[in-house]
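[1] with the sequence up front, the predicted model follows.
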Amino acid sequence: DTGVSQDPRHKITKRGQNVTFRCDPISEHNRLYWYRQTLGQGPEFLTYFQNEAQLEKSRLLSDRFSAERPKGSFSTLEIQRTEQGDSAMYLCASRKTAGGLYNEQFFGPGTRLTVL
Amino acid sequence: GQQLNQSPQSMFIQEGEDVSMNCTSSSIFNTWLWYKQDPGEGPVLLIALYKAGELTSNGRLTAQFGITRKDSFLNISASIPSDVGIYFCAGQGGASKIIFGSGTRLSIRP
C-alpha cells in the first residue's frame, strides 16, 4: 500500500460549477478525515467518517458541501455551486483506531481547487 | 473555538544553525503534534507528545509538551537544506479532529 491517494491533484473550475474529489485511504484504516487548507494557513477540519458513518461535521462545511463514504473505503467530497472562496487545498487523511498509544493520521497529497 | 498561535511565522537561517519555534493555545490539549509540509504534499507527522512536561526527540528534532498543556515547542539542531518547509504544530483534544497552527516557514541559506 502506497498511502492515502487523492484524485484529482488539481482542479480548475468556473464559479457556479459542481466539483467532486475522491480520497482512497490506507486500506486497513477505518477513520477518514477531510481538511481544507488555504494559502498561508494550517489545515482546517471539515468532517470525518468512521467506516461509512459520518460522525462529525465542522461549521465550515456549508450546505453546498457534502461528503460520503458509502462502503467504508473511499470517500468523495462534493462542492455544489462553487464560489471563489472555495479555492483551497482539500486534504484527506486516514487512521486506524485499534491499538497503539497514538494512531497517526496519514495525509494524502491533497486536491488543489481553483475557482475562477 | 480553539485556536493555536504559532511563532515565528517565518525564519531565514544559516545552514548548521539551531531552530526553535513554539505554539500556544487558548485551550488544553491531550496530545500535541508537530508536522512538516513540503510544497504540493500533505503534512507528515514528525513528533507526537502525550503527557504534560514530556520531552521527545526524533533525530535532530526535539519537542516538549508544556506543563500547562497549552503550549509546545519544537527545536531543530544543526539545520540542513532538507529541513526547508513549513512546520505546523497541532493539538488533539479528543479522538477525532486535529487543530492546526498557522505554520512556521523555514528557509535556509546554504
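    Happy to help now that I have it. Residues are numbered from 1 along each chain as shown, chains lettered A, B, ... in the order given.

[2] what about residue B:63, neighbour count?
    25 (other Cβ atoms under 10 Å in any protein chain shown). From N, CA and C alone the C-beta is placed, and that goes for glycine too.

[3] and it, what's its pLDDT?
    We have a pLDDT of 97 for residue B:63.

[4] and the most centrally placed residue in chain A, what are its bridge partners?
    Most central in chain A under Cα atoms, centre = their mean is residue A:34, positioned 3.0 Å from the mean C-alpha point. Note on residue A:34: beta-bridge partners by DSSP bridges are residue A:47, residue A:92.

[5] against residue A:79, how distant is it?
    Between residue A:34 and residue A:79 the computed distance is 11 Å (Cβ to Cβ, to the nearest Å).

[6] so which bits of chain B are right by chain A?
    Residues of chain B found near chain A (Cβ under 8 Å from any Cβ of the partner chain) are B:4, B:6, B:31, B:40-45, B:48, B:50, B:88, B:90, B:95-103.

[7] need the buried ones from those selected in PyMOL.
    To isolate the buried members of those in PyMOL, using 16 or more other Cβ atoms under 10 Å in any protein chain shown:
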select buried, chain B and resi 4+6+31+42+43+45+48+88+90+97+98+99+100+101+102+103
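
[8] residue B:54: what's it in contact with?
    Counting by Cβ atoms under 8 Å, 6 or more residues apart in numbering or on different chains, residue B:54 touches B:64, B:65.

[9] for the nearest residue to residue B:106 once chain neighbours are set aside, grab phi and psi.
    In space, and not counting its chain neighbours, residue B:106 is closest to residue B:11: 5.2 Å by Cβ to Cβ, 6 or more residues apart in numbering or on different chains. Torsion angles at residue B:11 (phi, psi; degrees, to the nearest 10) stand at phi -140, psi 140.

[10] quick check: residues of chain A near chain B?
    A:4, A:31, A:33, A:40-45, A:48, A:55-56, A:58, A:91, A:93, A:97, A:101-102, A:104-105, A:107-110.

[11] out of those residues, which are buried?
    Among the residues of chain A next to chain B, the ones that count as buried by 16+ other Cβ under 10 Å are A:4, A:31, A:33, A:42-45, A:48, A:56, A:58, A:91, A:93, A:105, A:107-110.

[12] you'd agree the residue nearest to residue B:106 is up against residue B:19?
    Yes - taking contacts as Cβ atoms under 8 Å, residue B:11 lies within contact range of residue B:19: 6.3 Å.
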